[in-house]
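>>> Predicted coordinates and the sequence they were generated for:
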There are 2 protein chains.
Amino acid sequence: MLDMFFNPQAVAVIGASRTPGKLGHAVLHNVVGYGYRGTIYPVNPKANEILGLKCYPSVLAVPGPVDLAVVSIPSRHVAAALRECGEKGVQGAIVISAGFREVGSEGWQREREIVAIARQYGLRLVGPNCLGIIDTISSLNASFAAGMPRRGGIAFMSQSGALCTSILDMALADNVGFSRFVSLGNKADADEITFIKAWEHDLPSSVIMAYVEGIDRGVEFMQVARQVTREKPIIAIKSGTTDAGSRAVSLHTGTLAGSERAYEAAFRQSGVIRARSVEELFDYAIAFARQPLLANDRIAIVTNAGGPGIMATDACERAGLQLAAMETETLATLRAALPQAASVLNPVDILGDALAGRYSLALEAVIRDPNVGGVLVIVTPQIMTEIEETARAVGELSQTSEKPIFGCFMGQERIQAGIDVLNQYAVPNYRVPERAMAAMAAMVRHRRWRERPPLQIETFEVDRDRVRAVLEQVRSMGRLAIGDIEAREILEAYGFATPRTFLARDPDEAVHYAHEIGFPVALKIASPDILHKTDLGGVKLNIMTAQDVRAAFELMTYRANRYVPDADIWGCLVQEMVSGGKEIIAGMNRDPHFGPLMMFGLGGIYSEALQDVSFRIAPLDRRDAWEMITEIQAHNVLRGVRGERPSDLEAVVEALLRLAQLATDFPEIVELDINPLTVFEEGRGVIGIDMRLVLA
Amino acid sequence: MLDMFFNPQAVAVIGASRTPGKLGHAVLHNVVGYGYRGTIYPVNPKANEILGLKCYPSVLAVPGPVDLAVVSIPSRHVAAALRECGEKGVQGAIVISAGFREVGSEGWQREREIVAIARQYGLRLVGPNCLGIIDTISSLNASFAAGMPRRGGIAFMSQSGALCTSILDMALADNVGFSRFVSLGNKADADEITFIKAWEHDLPSSVIMAYVEGIDRGVEFMQVARQVTREKPIIAIKSGTTDAGSRAVSLHTGTLAGSERAYEAAFRQSGVIRARSVEELFDYAIAFARQPLLANDRIAIVTNAGGPGIMATDACERAGLQLAAMETETLATLRAALPQAASVLNPVDILGDALAGRYSLALEAVIRDPNVGGVLVIVTPQIMTEIEETARAVGELSQTSEKPIFGCFMGQERIQAGIDVLNQYAVPNYRVPERAMAAMAAMVRHRRWRERPPLQIETFEVDRDRVRAVLEQVRSMGRLAIGDIEAREILEAYGFATPRTFLARDPDEAVHYAHEIGFPVALKIASPDILHKTDLGGVKLNIMTAQDVRAAFELMTYRANRYVPDADIWGCLVQEMVSGGKEIIAGMNRDPHFGPLMMFGLGGIYSEALQDVSFRIAPLDRRDAWEMITEIQAHNVLRGVRGERPSDLEAVVEALLRLAQLATDFPEIVELDINPLTVFEEGRGVIGIDMRLVLA
C-alpha cells in the first residue's frame, strides 16, 4: 500500500522555510497542521527551528529513521538531496520542486538523474513538479495546498497539480471527502498504475478517481485496471481528446483510429468509467462513495413536482436507464397512502403539498418493490415543503435500505438546509435530475462490468511460421507493404477462406484458369512492385468471357510495363468473383501506448462517410468481438433487414479474433485490414477478399 | 405589454387570508411585501382588515378601479369571482387556485366556464393552477412564492409551478436576476405565445427563458418566435421528449417522425435555443443576459493551469467552436508580457503563479486580437492566486470590451469570493469549462440565426386542381390511401418527373408497351384495392423479355384475383426501369401541433437501420431544404464518394420544396412519402418512382 507515502512514521521536509508565502513554509505548515502523529523533521541548513520544530542541516543529520521526504528546494539541488535520502534509507520522496521535464531538455536531464538515483537506492518518487500528497487517514498533508479536505471514501490522483487546487476547493464546499489525494506531477517514477495497484485493497478508499492526460504504459494500465475495477470503481477524466490529429479522419481504415479511440477502447475494456468534466467526476464519485450499487437499471422517481418528474423521466431514458414498472401491490400501497390526485405510476407524483411523512410513505413503498433498482427523490421547495424533515426521512430510509437512494433537492438558497442533512446521511444530492440519472447510469455500467465473465482469450491453431516467412521475405525485398499473393498466404495461414485464385503467366494460362474457376472471374495484375493496382487499371472485375480475359490480361501487363517500367511483373491473378454476402471491414492500427487497436465496420460508405466503426484493443475475447459488431449503428444490416436472412455473425466474431491473434503474434505489423471481408448468410462463413498490411 | 399583469395601478387579492400558512395569506403578504407602489385591495367577505389593509367583501365593493385580480379561492367559487371582476372592469386575473383541468372532467368543465367568462368581459387570464406572477420592475410579487428574486434581464415563464420554486431558489443563491417571472399553470387563456409577444419589445427583458411541456398552437408559436428571436434570445426546455411513442421508430417513414422531432424542428426553425436541463437553461441565460454576443466562433482561453486549459480546449471543439489562432503581433505582446515558461499559443497558459496583473496583461492582449470572438478566463485557486483581484481585473476589462468575457473560476470554498466579484461586474462564471463552452456555442448559434436571411417561401406553378380532383375521387371511393396511377398523377401535377408508365389491360397490351418503353421494364399490379402490392407478388422488376412480361402479367392478375377476390383489377402497369442514380426518401407526416413535418433521408437502410434522417416543418425555404440534406450523416454519399460525380442536390432541394408545397396546399394529406425518389448526377434531376399518400 506504499505506506511510505500514506502512513510514514517520520517525515523530513527538505527545504522547510521560515518565511510565510514560500512553498517550503506552506508544506511544513501543512505537515504540522492537520494532526499527523508521526515525527516531523524540518531540513534547512540555514535555520535552527521552524514552527517550533528543531531543524536539521540535511536529512543525514536527522537522528532517527525517516520514511518519507517532502522536497521543495530548487531543482538543481534535488538530486543531491535525494542521494542523501538514499543514504539515509528514506523509502519515499515527494518532489514538489518544479524545473524538470516540463521546462525543456536541461530539465529532462535533471529528471533522468533523479530517477536514476531513486532506482539506485530503491527510493520511490512522487513528482517532480507536483502539489504533493494528502492523506486524511493518517492526517498527513504533505502538500502546499491551501487547506485539508474532509475524510471520505475517494482516493484521487491527478496529473494536473493546478486542477488539484480546484478540486480541493470544490470538495470543501460540496462536502466531498477523500481518503488519499495525490498530485502525480511529471510521473517520473510513481504513476497511475502505481497508485491504482496501491489502492486495490485499501479499505478506506471505496472509489478511485483520476485526472489523466496521457498514459504511458497502456498495456499494463489495462491489466491492472481490469483487475481493480472488479472490486472498486475507477472514474477518470482523460483530457486532450480532440486534437486535430485524432479528428482528421481520412478515408483510410488506419487513420479512422486516432489515439482518442484507443483511450476510449482501453477504458471500456478495463472497466474504467470515463467522466467528461470535473463535475461529472464528482457526480459519479459521490454516488459510488456513498451508496450501494444499483440492483438493476430500473429506477423509481418520487417527486413533489410534475415538471421535474417529467424531466427526470426524459433523463432516465436518455441515460439508458428504465423507469421501473412497479408491482400491483406497490401501486395499491401507494394509492392507499397518497391523496387521490397523486400519481402512483412511476414517476410517483406525491403532489406539491407533500410533507415529510408522505415522502416517507411513498419511498418505503417503492424501495421495497422488487422491480426497483434504485430511487431518485425529487424535492422542489414549495411553500409548505418540509425541506429538512424530508431530507431526514430520506436519510433514515437510506440507512436501512440495501438499494441506493439519490437526492435531487432542486434549488439552493432554501433547499441547502436539506442538502446538508442529506450529506449527514451520505445521500448524494444532484442539482438537476439529469446529473443524478447520469451518475446512476454509471453505476449500472459498473455493475454490469463486474458481472461480466473475465476475459477469456481463445487461441486458434494457425500457421505462424508461414506468416513469419512471408513477412521476412517482404522485408528482405525492402518493402513495408505486402502484395496480393502474400496477403492470400497470410489470410490462409490464419484460417481465413479466400477466393480461388491462380497466377497466370500468360493470356492462355489466364483463360485456362478462368474456365477452371468458372465465369465470371476477376483479373488483377500480379507484381510485388505495384501496390495501388486500381490506379493504373490493374484490376478488372466480372469478366464474362475467355475473350475478355485475354484482352484484360494483355492490356494490364502492357500498362504495367509502360507505367512502372522497372516493375517485376509476374503476370495476372485470375480470381473467383465472390457473389452475394455483405462487405465488412476488419482492421488493426497499432497504438503506440495500447498496442493493436482493432477496428470493425461495414464496407462501402458506412465506415467512410458515416464513420460508423467500432474499436477494441487486442487481445479480444468473444464477447468483445460481439460488442464490436453490435456497437455499430448499421449492425441491423447484418441482422437482416427487409426479410433478408441474417449474416453469419459467429463467423465475423471468429474472423475478428483471428485477426486480433495475428496482430498480437506479429508486433511488427503496424497496420492491417481485410477490406472487404465478405460475410454470407448464417452458417456460410466469411471470405477475405483483399488485405492491406504494413510493417514497421 | 400586458400592463395589467406587469404594471397594474391597482390589485385586488381575492381570497386574501388572515391566517399565515394559507395561500391567500402568502399571496397578500407577497403583494404587500416587496415595494409595490400601486393600490392593494384585499378581498375577503369574512374580514375587515388584513395586514393593515382594509378588506372588501367582493371586488365589486372596491371603491376605485382595479386592473388586476389575484385569485386564490376554492375552484368552485372562481367563476363567480371572475364574473364580478368582469363587471368591475378588471383587465387581468391571475388564477392561482387549483382544481381545474388537472383534476379531471369536472375541472375541465370549470376551466371552460372561466375561459368563457373571461372572453365575455375581455378579461385576460393567467393560470389557473399556477404559482402567480412576479415582476421585479414594478416590484409586484403576485404569487405565493417564498421570496422575491433579484431584478435582472431574464423574463421567465414556466408551465410547471413547482419548477418555479426551484428556479427561484437557485436564482437567489446564484445571483441571477429576473425582470418578469410567470407561472403559466394550465394556460387556459394566456400562454407562451402571449408572453413572448408581450416581451418582444420589453426593454428590461434581454432574454426570454421558458419551461415548456407542450405547445398547443404550434404554427403561431413558430411565427411569433421566429420574429422575436431576431431581436432577443429565447431559451427553452421542452420536457417529455422521450416518451415511448416518439422512440418507437418503425421502418415506416411516417413513424420515424415522432412529436419530439417536430419540437426539435420547430425550435430550430424559429430560432429558439433548446436547453436540456435547468442548469443549461441558467448557463445560457446568464451568458445572454450579461454579455454581448460573440463576434465569431473563435475563442481565446487564458488560464493559470494547464490541465483545465486542455479540458477547455476539448470542450471548445466538442461544442463546435474553434480555438482562435491569434495574430503574430498578439503573440509577440504576450511573449513580452509573460514569463518564458508561459505558453502564448491558445490556450494561453500564464502559469500557476500568475497574479492579477499578469491576467490583465494577457487578457488585454488577446481580447484586442481581431481573430478572437470571445474569451474564457480560467482561474484555479493556487496558493498565490489573487482570486478577488483577478476577478476585479476581469470585470474591469469586461466593462470596456465589446467582446464577451466568461469566467471559469474553478472551485467553490475559496474561489467564491472571486465569483462574487465577477457577479458585481455581470461577468458570468461557470464551474467547469465544459459549461462555459456550451453557453458560448449557444450564443454563436443565436448570432448565426440573427444573421440568417428571413424565410423566403417560393411558390411553384403546379396543377392544384388536378390533385384536388384525384383526392376527391379517392375519397369518393371510400379509400384513404392512393394507388400507383393516382400517385403518378399527383407527382406530375406538382412537377415531378416519373418513369414512363402505361396501363396494360391484358398481356398483349403489356408486351406492346414493354416494346415501346424498351427493356428492361417493371410490371406492377394495377388495382385501387391492392395497396401492399409486394406482399402478394404484385411487383416484378427488371423484366428482360416479352415472354417474361406475358408470364408476369398472367401470374400477377391470377394471384390478385385469387387472394383479393373482391378487388377491382385494372390490369398491370408497365413501367420504365430507372437505372443509375441514388435512391432518397422525401416524406411528410402531419404533426397535430406544428403541421407538415417534412422528412429527408437516403433510401435503403440509411433511413431505416441508421435512422439517419432530417426533419423540418413546412413551409420551407431553399436554405431549410439545403440544411435538411446536409444535416444527415450520409450526405457525403450524395456529394460523391470515391470519385463518383456529385448528385443533383439542387434538384433534391426543389423536390423537397415542391413536396412541402403539396403538404401545405392539402391539409387533408396526413402522410406522404416519395420512396424512392431517385436523384441522378448534377444537372440530371430527380425522378419520383413510388409514392405513398394517406388522407385524414
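Everything's here; your move.
>>> chain center to stretch A:176-192, what's the gap?
18 Å (C-alpha atoms, centre = their mean, to the nearest Å).
>>> so how far is the first residue of it from its last?
Using C-alpha to C-alpha, to the nearest Å, the end-to-end distance of stretch A:176-192 comes out at 22 Å.
>>> quick one: is that stretch near chain B?
No - against chain B, stretch A:176-192 shows no contacts by C-beta under 8 Å from any C-beta of the partner chain, the least distance being 10.2 Å. C-betas here are computed from N, CA, C, even on glycine.
>>> and that stretch, which residues are buried?
A:176-192 (16 or more other C-beta atoms under 10 Å in any protein chain shown).
>>> Filter the residues you listed down to just the ones in helices.
Under the assignment DSSP state H, those contribute A:Glu192 to helices.
>>> worst-scoring helix or strand of chain A, pLDDT-wise?
Using mean pLDDT, DSSP states H and E, the weakest-scoring helix or strand in chain A turns out to be helix A:253-256, at a mean of 31.
>>> measure the spatially most central residue of chain A to A:Ser401 for me?
Within chain A, the residue whose C-alpha comes closest to the C-alpha centroid is A:Phe267; the distance, by C-alpha atoms, centre = their mean, is 1.7 Å. A:Phe267 sits 31 Å away from A:Ser401, going by C-beta to C-beta, to the nearest Å.
>>> these two touch, right, the residue nearest to the centre of chain A and A:Arg261?
No - look at A:Phe267 against A:Arg261 with C-beta atoms under 8 Å: they stay out of range, at 11.0 Å.
>>> Pull up the residues of the stretch 401-550 of chain A that are close to chain B.
A:410-416, A:431-435.
>>> Closest one to B:Asp484 out of those, please.
Within these, proximity to B:Asp484 (C-beta to C-beta) peaks at A:Glu434, which comes in at 48.7 Å.
>>> Quick one: residues contacting that closest one.
Counting by C-beta atoms under 8 Å, 6 or more residues apart in numbering or on different chains, A:Glu434 touches A:311, A:315, A:318, B:276-277, B:279.
>>> How is the residue of the stretch 451-600 of chain A found nearest chain B classified with respect to secondary structure?
Here the stretch 451-600 of chain A gets closest to chain B at one residue, A:Thr534, 10.3 Å apart by C-beta to the nearest C-beta. Classification of A:Thr534 by DSSP: H, G, I helix; E, B strand; the rest coil places it in helix.
>>> Check what pLDDT it gets.
pLDDT, A:Thr534: 74.
>>> dump the residue contacts of it.
Taking C-beta under 8 Å, 6+ apart, we find A:Thr534 in contact with no residue.
>>> and the gap between it and A:Gln575?
Distance from A:Thr534 to A:Gln575, by C-beta to C-beta: 14 Å.
>>> same thing with A:Thr459?
31 Å.
>>> Quick check on the two: which one has the bigger neighbour count.
Of the pair A:Thr459 and A:Gln575, A:Gln575 is the one with more neighbours under other C-beta atoms under 10 Å in any protein chain shown, namely 24 against 10.
>>> ok so that one is a helix residue?
No - per three-state DSSP, A:Gln575 lies outside any helix segment and is strand.
>>> show me what contacts it?
A:499-502, A:517, A:521-524.
>>> Now A:Ala10: closest residue in space, sequence neighbours ignored.
Computed as C-beta to C-beta, 6 or more residues apart in numbering or on different chains, the closest residue to A:Ala10 that is not its neighbour in sequence is A:Thr39, at 4.1 Å.
>>> no no, A:Ala522
Nearest non-adjacent residue to A:Ala522, counting by C-beta to C-beta, 6+ apart: A:Gln575, 4.4 Å away.
>>> ok, what's across the strand from that neighbour?
For A:Gln575, the beta-bridge partners are A:Thr501, A:Ala522 (DSSP bridges).
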